[in-house]
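Asker: missing the sequence, but the structure's below:
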């Protein structure tokens with residue numbers, strides 16, 4: 001029964017947060033396979049930030065105010081999307097970890113000592 005308590009204690013929020021941060025840091029390091037997949041995705045989706053930025057910057061001079069407004073909104077939109085993706089990733093990772101701990105607890109509960 002002590003094993004169950006130890007595993008339950010292991011799943012507290014501060015420890016999950018620490019594990020999440022360490023895992024997130026390691027996942028941001030791209031492997032050769034990651035780089036290939038990213039290249040493939042970019043090739044399949046030719047519209048890039050650089051293309052959009054170039055198109056906006058090439059608006060005629062009399063659209064200066066509009067250009068600045070569009071650039072500000074584009075940056076704000078990208079920041080918002082990045083925050084939403086980060087939130088979702090964190091939520092799914094932490095919940096997946098909790099699910100894994102819960103599964104281990106259920107297995108231990110059904111184990112005969």
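Answerer: Perfect, I can see it now. Fair warning: this is a prediction, and the values are worked out from it, not measured in the lab.

Asker: Scan this protein for its longest helix.
Answerer: Assignment by DSSP state H gives helix 64-110 as the longest helix of the chain.

Asker: That helix - what's its average pLDDT?
Answerer: Taken as a whole, helix 64-110 has a mean pLDDT of 89.

Asker: what packs against it?
Answerer: If contacts are counted by 3 or more CB pairs under 8 Å, 6 or more residues apart in numbering; DSSP states H and E, helix 64-110 sits against helix 2-10, helix 13-27, helix 49-57. Placement of C-beta: from N, CA and C, glycine included.

Asker: between that helix and helix 49-57, how many degrees?
Answerer: Inter-element angle recorded for helix 64-110 and helix 49-57: 160 degrees (by axes from the mean of the first three to the mean of the last three CA atoms, to 10 degrees).

Asker: roughly how far is helix 64-110 from the heart of the chain?
Answerer: 5 Å (CA atoms, centre = their mean, to the nearest Å).

Asker: Next: stretch 39-59.
Answerer: The answer for stretch 39-59 is 22 Å, by CA atoms, centre = their mean.
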